[in-house]
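Undergrad: pasting the structure only:
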């Protein structure tokens, strides 16, 4: 199996994106220490094709869309990278 060659431009973008996400995580974590009155939450559990929605004040459909879009983006990105790896193996 060949290793996937990442162009230097892409690796720089991924590096900057990673650093940005670390800063966003630090900011989100530091915001959790701020005093607030009431906290509501929600969640999504996916078992096979069946979503189980746990919600607070947010409408369940909005929560479902908010939580499944990152999962869908991850799946599409994984499929895209796998197809690029396979096409690289066939041509090389």
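TA: The structure has been received and is ready for your questions. These numbers come from a predicted model, not from an experiment.
Undergrad: And the residue minimising distance to the centre of the chain, its phi and psi?
TA: Nearest to the geometric centre of the chain sits residue 70, at 4.3 Å (CA atoms, centre = their mean). Main-chain dihedrals, residue 70, degrees, to the nearest 10: phi -60, psi -40.
Undergrad: Mind pulling up the pLDDT for it?
TA: Predicted confidence (pLDDT) at residue 70: the value is 82.
Undergrad: Where does the prediction get shaky in the chain?
TA: 1-3, 39, 42, 55-58, 63, 88-92 (pLDDT under 70).
Undergrad: Need the three-state assignment for residue 51.
TA: Using DSSP: H, G, I helix; E, B strand; the rest coil, the structure places residue 51 in strand.
Undergrad: What number of residues are in the vicinity of it?
TA: Residue crowding around residue 51 was assessed by other CB atoms under 10 Å; the count is 15. Where C-beta positions appear, they are placed from N, C-alpha and C, glycine not excepted.
Undergrad: any idea how far it is from residue 44?
TA: For residue 51, the distance to residue 44 equals 6 Å [CB to CB, to the nearest Å].
Undergrad: Between these two, which contacts overlap?
TA: By CB atoms under 8 Å, 6 or more residues apart in numbering, residue 51 and residue 44 have these common neighbours: 64, 68.
Undergrad: in this structure, which spans are strands?
TA: With DSSP state E, the ranges of strands along the chain come out as 43-47, 50-54.
Undergrad: Tell me which of those lies nearest to residue 85.
TA: Ranking those by proximity to residue 85 (CB to CB) places strand 43-47 first, at 25.9 Å.
Undergrad: quick one: strands adjacent to the closest one?
TA: Sheet pairing of strand 43-47 (DSSP bridges) gives strand 50-54 (antiparallel).
Undergrad: Against residue 64, how distant is the residue nearest to the centre of the chain?
TA: Distance, residue 70 to residue 64, using CB to CB: 12 Å.
Undergrad: what about the helices in the protein?
TA: Counting by DSSP state H, the chain has helices at residues 8-31, 60-91.
Undergrad: If anything else comes up later, I'll come back, but that's it for now.
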